[in-house]
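1. quick check, what structure comes out for this input:
(2 chains, ligands or ions: 1)
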Amino acid sequence: MYRYDEYDRTLVRERAAQLRGQIARRVSGELTEDEFKPLRLQNGLYLQLHAYMLRIAIPYGMLASTQLRKLAHIARTYDRGYGHFTTRQNIQFNWPELEDVPNILDELADVEMHAIQTSGNCIRNITTDHLAGVARDELEDPRPFCEITRQWSTFHPEFAFLPRKFKIAFTAGREVDRAAMLYHDIGVRIVENAAGERGFSIYAGGGMGRTPVIAKEIREFVPREHLLSYMEAILRVYNRLGRRDNIFKARIKILVNETGIERFREMVEAEWQETRESTLRLAEGEIQEMAKFFAPPSYESLSPSDALLAELRRSPNADFARWARNNVVLHKQPGYSVAMLSLKASDTPPGDLSDSQMDAVADLADRYSFGELRVTHTQNLVLADVKTTELEKLWHELRALDLATANVGRLTDQICCPGLDFCNLANARSIPIAEEIRHRFDDLDYLDDLGDVSLKISGCINACGHHHVGNIGILGIDKRGIEHYQLLVGGSSGYDASIGKILGHAFPREEIVGAVEKVLKLYVRLRESEDEPFLDTFRRVGEKPFRDTLYSNELYADHPQS
Amino acid sequence: MRIIRNRKIVEDGWIHVADDAEVPADGDVIVSWKRWRESREALLARSGSGSARLGVRLPNTLDPHEVQADLPHFALIAVEFPKYRDGRGLSIARMVRREGFRGELRAVGNVLRDQLFYMERCGFDAFEVDKSKSIENALEAFSELSVTYQDAIQPRSVPRQHRWRRS
Ligand code: SF4
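-> Predicted coordinates:
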């Protein structure tokens, strides 16, 4: 992975010192809270319902074992013994004291970490495929471009005060988009054109939030050397013309929709003509230099292990076999496999990990996977380079840590925002819903029978839990002071992106999980075969049967949106 | 009025002329973009004579392309920051510099210390720091971060530095 040199270290240290000064100026009153707010936000410091929350950047989800140990130490020393991995592959701590924050940042700097631009109206942490560099369907490792983009966007002087936050994701899968690229302000897909040259398809104006929008293609092919100039052109048009009069209309998706993609594209292209030959142009040698940081680890030369993995998946040890089926992914390197650690196991909120678990996982990364791990945008962890022959041993160790739940991709591998338990914007609790779902659907055979179904829960329309793009989505609303939940069906965050549909009125707290169950039962009845996934069935049969099963006793047409 | 120019606090000789005030015959003046559009000939005739240089104040909603043809007439361009967290002026600065403007580029309005570093890197070299704040303290903004990743316009003394450009 990328390693800092003196230059990077200086930058991170100086920013930590700068924030220390800004906090002191806030305390002395030299800065008003209004003036301080964007400064702390640009360094990941939020004011939450009960306390400050500090969000730490994990660039494109890559984490070294030494860094995870440091996070464990921070959880133990400055927080309540756990951290929470987010849907942007970051980690956040919910209980730090304001005066501890500069010290936390200094500690982070010791292990090449920081909280720069993890919030605020600037370019946020760059995200990508958690299988980058190991996926079989990958065209090219996107991480060198992620790192180049990270550096370019860090303290970019022109884009520090955008109309609103700005998220960029990269993907390179030939078949599968594992980064929800089409729901980003800019989505970049590595592609090959007809002449066999590598470049990027660039999409703009996607996003979730109150108004979910699927990004539109702005240019089918941008040559490799023009990645930064093209993105800069998009950002410059957005910075000048994005709306600043209404926070709910300030994202680039609104600008693209209001301007129309054709006109928006014209403006971007005109701007790009001015800058494409500037110093932003990437030389192939520079790309290759960066790619060295992401060279494969020193794999042993082993024989292919697909047959072995198939055997493990039928192992007489049924629990292990299930884990090998659900949580292990084929690796492109012969003899190796990718192991996914589910953070949706015990009775803790999805994405939470305790300090002792962090330490233990760091050790596992050292012993099984070259000292590195990854965070997925579905809030799980990945040991990307495990010898297939060692999977069973690893599984035993994970089980002892309560990290071997074999539910990756399954219904209970849910995404869930903090909701009313932590968030001051929430309308309803979301964590207890996730908990109830975990209990109601604890039969692993049934979950396997359902196959891959994504379930996503948000506590309000800001959609941090990405409910719009879950195959099944749950949205908390406030109905005359009482928590209610809307059910959405049919969302997808892949290359075939679609936004889930609300099929009728919202359900009270006691009924929402039952409604999910009804939807699943109907799917099992309607699917053509056990191999037809939930989403395919829904797309084939349409929403009517689902609406009928949910609202059969009612005239649902009377309250379509309430 | 004291302002920051090229990282130093200086007494400023330029006069901001309100739209309803008369333009003095002598001295360096800054007029609004609107006034420039309306009284172009008169302002040009005036600035032709000796020590009466002309500056213009741009609203941050202006498309910088509209200013392009007029750039040679201005010794100073001021860009308005109605709110410190409104970053439109930063793009305007970069575009104006890109068009080759070499005169003074001044940030005016709600200009605060913690934005100066970014502003300077976008091409501003003069700052009317908000009157409610200490201008001496604001000077510290330029030395807080000694390294940067991306290419920018100012200060010209720092070599252009793309961090990914390792040799
Ligand atoms: S979706 Fe709403 S409740 Fe959940 S974290 Fe976001 S703002 Fe808070």
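2. what residue in chain B comes nearest to the ligand?
-> residue B:85 (20.7 Å; Cβ to the nearest ligand atom). Where C-beta positions appear, they are placed from N, C-alpha and C, glycine not excepted.
3. just to be sure, that residue is in a helix?
-> No: going by DSSP: H, G, I helix; E, B strand; the rest coil, the assignment for residue B:85 is coil, not a helix.
4. what residues are up against it?
-> Residue B:85 makes contact with A:38, A:121, A:161 under the criterion Cβ atoms under 8 Å, 6 or more residues apart in numbering or on different chains.
5. surely residue A:257 meets residue A:205?
-> Yes: at 7.0 Å, residue A:257 and residue A:205 qualify as touching, with contact defined as Cβ atoms under 8 Å.
6. what's the local residue count around the closest residue to residue A:294 other than its chain neighbours?
-> Leaving aside its sequence neighbours, residue A:294 sits nearest to residue A:143 (Cβ to Cβ, 6 or more residues apart in numbering or on different chains; 4.6 Å). Counted with other Cβ atoms under 10 Å in any protein chain shown, residues neighbouring residue A:143 total 26.
7. and stretch A:507-524, what's buried?
-> Neighbour counts over stretch A:507-524 (16 or more other Cβ atoms under 10 Å in any protein chain shown) mark A:507, A:509, A:512-513, A:515-516, A:518-520, A:522-523 as buried.
8. then stretch A:392-405?
-> Neighbour counts over stretch A:392-405 (16+ other Cβ under 10 Å) mark A:394-395, A:397-398, A:401, A:403-405 as buried.
9. who touches that stretch?
-> A:312, A:315, A:317, A:319-320, A:323-324, A:327, A:339, A:341-346, A:357, A:360-361, A:364, A:368, A:381, A:383, A:386, A:412.
10. show me where chain B has strands.
-> For chain B, applying DSSP state E gives strands covering B:2-5, B:8-11, B:15-16, B:29-32, B:54-58, B:76-81, B:104-109, B:126-127.
11. can I get those strands in a markdown table with mean neighbour count, mean pLDDT and distance to residue B:47?
-> Formatted as a markdown table, these follow (neighbours: other Cβ atoms under 10 Å in any protein chain shown; pLDDT from 0 to 100; distance: least, Cβ to Cβ, whole Å):
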| stretch | mean neighbour count | mean pLDDT | distance to residue B:47 |
| --- | --- | --- | --- |
| strand B:2-5 | 18 | 98 | 20 |
| strand B:8-11 | 10 | 98 | 22 |
| strand B:15-16 | 16 | 96 | 13 |
| strand B:29-32 | 22 | 97 | 8 |
| strand B:54-58 | 22 | 97 | 4 |
| strand B:76-81 | 24 | 98 | 11 |
| strand B:104-109 | 23 | 98 | 15 |
| strand B:126-127 | 24 | 98 | 19 |
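12. just so I know, which of those lies nearest residue A:129?
-> Nearest to residue A:129 among these is strand B:76-81; the distance by Cβ to Cβ comes to 39.4 Å.
13. what are the pairing partners of that closest one, and which direction each?
-> Counting by DSSP bridges, the strands paired with strand B:76-81 are strand B:54-58 (parallel), strand B:104-109 (parallel).
14. looking at the ones you listed, which is nearest to residue A:301?
-> strand B:104-109 (59.6 Å).
15. other residues contacting the closest one?
-> For strand B:104-109, the external contacting residues (Cβ under 8 Å, 6+ apart) are B:3, B:5, B:55, B:57, B:75-83, B:89, B:93, B:96-97, B:115-116, B:119, B:123-128, B:130.
16. stretch A:87-96 close to the ligand?
-> No: using Cβ under 6 Å from any ligand atom, we find that stretch A:87-96 stays clear of the ligand, coming within 10.0 Å at best.
17. buried residues in that stretch, which are they?
-> Using 16+ other Cβ under 10 Å as the test for burial, stretch A:87-96 gives A:87-96.
18. for it, measure first residue to last.
-> End-to-end distance for stretch A:87-96, by Cα to Cα, to the nearest Å: 21 Å.
19. what's the answer for stretch B:66-86, then?
-> Distance across stretch B:66-86, first residue to last, is 21 Å (Cα to Cα).
20. quick one: it to chain centroid distance?
-> Relative to its parent chain, stretch B:66-86 has a centroid offset of 6 Å by Cα atoms, centre = their mean, to the nearest Å.
21. cool, stretch A:133-148 as well?
-> Distance, centroid of stretch A:133-148 to centroid of chain: 16 Å (Cα atoms, centre = their mean).
22. got the contact list for the lengthiest helix in chain B?
-> The helix that spans the most residues within chain B, counting by DSSP state H, is helix B:88-98. Outside helix B:88-98, the residues that touch it by Cβ under 8 Å, 6+ apart are A:157-161, A:236, A:239-240, A:244, A:274, B:58, B:60-62, B:64-65, B:67, B:71, B:77, B:79-81, B:105, B:107, B:118-119, B:122-124, B:153.
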